[in-house]
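J.: quick one, what's the 3D model for this:
(one chain, ligands or ions: 1)
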Amino acid sequence: MSGVVAVAEGYTHHMRELPIGIFDSGLGGLTVAGEIMRALPNESIVYFGDTVRCPYGPRSPEEVRSFVLQIGSWLTQRRVKLIVIACNTATAAGLALAQQVFDVPVIGVVEPGARAAVKATLNRRVGVIGTVGTVNSGAYSKAVRALDAGVTVFSVPTPRFVDVVEQGVRLGNGTLEDLLSATSDVYIRPSFYQMARDYLDPLKRSGIDTLVLGCTHFPLLTAPIQQVLGAGVRLISSAEETAHEVADTLAARGHLAEAGDPRSEVFATTGDPDEFLELGARVLGRHVSTAEHVSLAELGSMLTPELRRRQATYEEVGTCD
Ligand code: DGL
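T.: Coordinates of the predicted model:
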């Protein structure tokens, strides 16, 4: 009996010290990673940004699912204790498949964002902005309806906001919000606000009191979006709620790291590691020390015949178990 307990304790102790795996199509998921690190400062993390294949938004759900399987497998080889899909498009396309395939818990960003919006709305009219993939999947509408069938969801794809963030983090030295503020490039500002009004005015007219920023890049546009919508609309980013869900899931399993546990941070990218360090620091708002490069060939090799077979079954019948 005591032997069994010792083994169980040893296992739990070991799991506690394993990192949390977090991934996104690129840099945007660092908004979620930052929130997780703030909420859980004892945890180690491995962050993977698939920068070279960003954006995922316009890709087919099947292709995005194969990326989710590749990166999820890469992370499980790194022995993570939990995976966070810190990308709305990848969550919408691949969360269910990833949960069926991987042995560790997999948490996405859509359900936490939907939950936060349902809690926040008073008039039960909620807007969602995201990529074409996210909006077309209907994932937010389904998640909101599952929580409160009386809430009406108005979804609008805003793909050009992704371009603005991508451009913004590559331009200048300050934060993206500085870029869009009064001192910024005169060429970007007027066209951005015009575009934002074109996207957001219909949502405003539909009487929403809450808007989900259903894309990991959009928290970086909080100030200008708020300015266009006015103070009466509450903006929801799923990052904070996702961090709570990670904490609750780890706590329930007894896998939360504790103060004094060894801590590490690994960043990996399919793109240029130096660029990732520079731009990642701008998104995270602090220095990032090293990033490793992972080739698409290495990622491709993660798709074993067994994983391919399971994805093919999923594509056919919507489940692979
Ligand atoms: N990370 C993606 C998301 O949250 C946005 C960028 C992309 O299209 O890949 O949907």
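J.: wait, what's in contact with the closest residue to K204 other than its chain neighbours?
T.: Of all residues not flanking K204 in the chain, L229 sits nearest, at 5.9 Å (Cβ to Cβ, 6 or more residues apart in numbering). Using the backbone N, CA and C atoms, a C-beta is placed for each residue, glycine as well. L229 makes contacts with L200, L203, K204, L211, L235, as judged by Cβ atoms under 8 Å, 6 or more residues apart in numbering.
J.: how close does I20 get to T270?
T.: Here the criterion is Cβ to Cβ, to the nearest Å. By it, I20 lies 20 Å from T270.
J.: pLDDT of the helix or strand V68 falls within, averaged?
T.: Take DSSP states H and E as the rule and V68 turns out to sit in helix 61-77. The average of the pLDDT scores along helix 61-77 is 98.
J.: and the stretch 151-300 of the chain, which residues reach the ligand?
T.: Taking Cβ under 6 Å from any ligand atom as the contact definition, the stretch 151-300 of the chain meets the ligand at V162, C215, T216, H217.
J.: same thing but at 5 Å, please
T.: Contact residues (Cβ under 5 Å from any ligand atom) of the stretch 151-300 of the chain with the ligand: V162, C215, T216.
J.: distance check, the spatially closest residue to R38 that is not a sequence neighbour against A120.
T.: Of all residues not flanking R38 in the chain, A243 sits nearest, at 7.3 Å (Cβ to Cβ, 6+ apart). Using Cβ to Cβ, one gets 17 Å for the distance from A243 to A120.
J.: need the pLDDT of the residue nearest to G57 when sequence neighbours are not counted.
T.: Counting by Cβ to Cβ, 6+ apart, G57 lies nearest to T131, which is 2.8 Å off, once chain neighbours are set aside. pLDDT for T131: 95.
J.: quick revisit: using PDB, write out every CA atom in the next helix-or-strand element following the helix holding V68.
T.: Counting by DSSP H and E, the next helix or strand C-terminal to helix 61-77 is strand 82-85. Extracted C-alpha coordinates of strand 82-85, given in PDB (Å, rounded to 0.1, in the frame of the first residue of the first chain):
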ATOM      1  CA  LEU A  82      -1.300  20.600 -20.200                       C
ATOM      2  CA  ILE A  83      -1.700  22.200 -23.600                       C
ATOM      3  CA  VAL A  84      -3.300  25.600 -24.200                       C
ATOM      4  CA  ILE A  85      -4.400  26.300 -27.800                       C
END
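J.: that concludes my questions; thank you for your assistance.
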